[in-house]
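Undergrad: A predicted structure for the sequence below; I have some questions about it.
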Amino acid sequence: MKHPTPDPPELGERDGLSYALFLPDSEPVGGVAILHGAGSAKESHFDFARLCREYDMAAVAYDARGHGRSTGEWGPTAFGDALAMCDLLREHTPRVALRGSSMGGFTAIHAAALDPAVAAVVAICPAPADLLVRGVRSGRITDFALDASTEEWLAGLDTAEAVASLGDDTALLLLHAKGDEQVPWTVSEELNAVAHEPKRLLVFPGGHHRSLQHDLEVQNVAARFIQSSLRG
């Protein structure tokens, strides 16, 4: 059986950030900024971006600094970069959400805490600030360029506090695999405990750190959650 070739995204660059913008055929109900994990790239999440388009949502996937085709080094500008991608989406639709995995989940949570207008956050196996600090200090995070001040910046952050300070209308969906070998699933459980409603925690048996990102059933759960939040 032959399947139609999906329309390609619009490729561009904003303030040194390389992005791919996916627009639905009809007026979008909202937009989703997609944040990849450490050492990854925007192309790894084109599958979810295309799925968002099927849900009549615009989506933008971008390379974090220090990754892919974006300029600069990853560090203190990460939250502002995520919100810049939200602003790009707002040129096409007023309501936006953030979806991130691992380090991208961390960034999505903290960025949304700075912008109460963000309708929803989906965080997949989110890496909290203290875990990222340990990764930098131990030298385990070496596969992308880090800003010299990253360790100090991370040490001053608390991801639980960021979750607790999300906007009153910002919905939170936490997705985690119990078999995650990098970020314990209890991290999401603890974040969920301090989050306000509307919120949802889904913990899946087995799996590993990257198993949920490209699981079609999980992607549809995330897309439906975001779509519902965007519609209010």
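TA: Looks like it came in fine.
Undergrad: residue contacts, Arg140?
TA: Applying Cβ atoms under 8 Å, 6 or more residues apart in numbering to Arg140 gives no contacts. In this view, the C-beta of every residue, glycine as well, is placed from N, C-alpha and C.
Undergrad: actually, Val203.
TA: Val203 makes contact with His176, Ala177, Lys178, Trp185, Ser188, Glu189, according to Cβ under 8 Å, 6+ apart.
Undergrad: got it, and Ala162?
TA: By Cβ under 8 Å, 6+ apart, the contact list for Ala162 reads Ile109, His110, Ala113.
Undergrad: how about the residues you listed in a markdown table, adding pLDDT, distance to Val218 and neighbour count?
TA: Formatted as a markdown table, these follow (pLDDT from 0 to 100; distance: Cβ to Cβ, whole Å; neighbours: other Cβ atoms under 10 Å):
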| residue | pLDDT | distance to Val218 | neighbour count |
| --- | --- | --- | --- |
| Ile109 | 98 | 18 | 28 |
| His110 | 98 | 23 | 25 |
| Ala113 | 98 | 24 | 20 |
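Undergrad: now, which of those sits nearest Val121?
TA: Ile109 (5.9 Å; Cβ to Cβ).
Undergrad: that closest one belongs to a helix?
TA: Yes. Assessed by DSSP: H, G, I helix; E, B strand; the rest coil, Ile109 belongs to a helix.
Undergrad: in terms of helices and strands, where is Ala33?
TA: strand 31-35 (DSSP states H and E).
Undergrad: would you state the helices of the protein in chain order?
TA: 46-54, 78-90, 103-113, 129-138, 150-155, 159-164, 186-194, 216-231 (DSSP state H).
Undergrad: before we move on, the earlier item: restricted to buried residues, select the contacts of Val203 in ChimeraX.
TA: Listed next is the ChimeraX selection for buried residues among the contacts of Val203, using 16 or more other Cβ atoms under 10 Å:
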select :176,177,185,188
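Undergrad: CSV for the contacts of Val203, including pLDDT and distance to Ile141?
TA: Putting those into CSV (pLDDT from 0 to 100; distance: Cβ to Cβ, whole Å) gives the following:
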residue, pLDDT, distance to Ile141
His176, 98, 20
Ala177, 98, 21
Lys178, 97, 24
Trp185, 97, 21
Ser188, 98, 20
Glu189, 98, 24
